[in-house]
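need coordinates for the following:
(chains A and B)
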Amino acid sequence: DAGVIQSPRHEVTEMGQEVTLRCKPISGHDYLFWYRQTMMRGLELLIYFNNNVPIDDSGMPEDRFSAKMPNASFSTLKIQPSEPRDSAVYFCASKKGGGYTFGSGTRLTVV
Amino acid sequence: GNSVTQMEGPVTLSEEAFLTINCTYTATGYPSLFWYVQYPGEGLQLLLKATKADDKGSNKGFEATYRKETTSFHLEKGSVQVSDSAVYFCALRAPNAGNNRKLIWGLGTSLAVNP
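Numbering: from 1, shown residues only, chains lettered A, B, ... in the order given. Next up, the predicted model:
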């Protein structure tokens, strides 16, 4: 099993640009989570899905952020327009019973 | 509400020293408790867990005991190695969570082990 796959690993973009982060969960996992990690705020849950349906998006900071899960094997997190304060590491995680399995993260830098 | 409090880092130890990272929680009832580890440049990995009072989770030489009386789940290891250098996160899942699979996370404790 390849684990949770995120792409890209690193993204540097200019303020105002659209950014799309991608995640492929582990096959058979029915929960998918998007997290943001920063030094100041630690690990923050943005949104999570169960069976491709968004269950709780209360952590999404504002309307500039959106997430989709069109099928069981793919999810995206989009930021439009991006701002410097969005710079962080974004993690995707999936689970089915047991503990979470995290991807390696996408380090986003907005300049 | 539910919350997790971890000791602040960074924690710096010499190889073979004894490690304790404190974690206390606030929750109604009996939450499930977890420790995750994040190695440099990687995502978090489940290290160990406990789902009821007095349970002891263990993995890779690390242990943590679910203490209801002190609402604690302290992480311990008898002899740390350089390869244990990482950030450690304590987390809980509320009891009676039903379909809610959100974890409540501590802020993480950075551990650096020197040779």
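
switch to C-alpha atoms for all contacts and neighbour counts from now on
Noted.

which bits of chain A sit near chain B?
Selection of chain A residues close to chain B by Cα under 8 Å from any Cα of the partner chain yields A:41, A:42, A:43, A:91, A:99, A:100, A:101, A:102, A:103, A:104, A:105.

ok, residue 70 - contacts?
In the absence of a named chain, chain A is used. Contacts for residue A:70 were tallied using Cα atoms under 8 Å, 6 or more residues apart in numbering or on different chains; they are residue A:52.

my bad, the chain I had in mind was chain B
residue B:24.

which of the helices or strands spans it?
Assigned by DSSP states H and E, residue B:70 belongs to neither a helix nor a strand.

what separation do you get for it and residue B:28?
Between residue B:70 and residue B:28 the computed distance is 13 Å (Cα to Cα, to the nearest Å).

equivalent analysis for residue B:16, please.
For residue B:16, the distance to residue B:28 - Cα to Cα - is 37 Å.

go on, residue A:13?
44 Å.

how about residue A:38?
29 Å.

could you count how many residues lie near the nearest residue to residue A:74 once chain neighbours are set aside?
Setting aside the residues directly before and after it, residue A:74 is nearest to residue A:24 in space (Cα to Cα, 6 or more residues apart in numbering or on different chains), at 4.8 Å. Close neighbours of residue A:24, defined as other Cα atoms under 10 Å in any protein chain shown, add up to 22.

adjacent strands (with direction) for the helix or strand of chain B with the lowest mean pLDDT?
Across the helices and strands of chain B, mean confidence by mean pLDDT, DSSP states H and E is lowest for strand B:104-105: a mean of 89. Strand B:104-105 has the following strand partners under DSSP bridges: strand B:86-93 (antiparallel).

many thanks, we can stop here.
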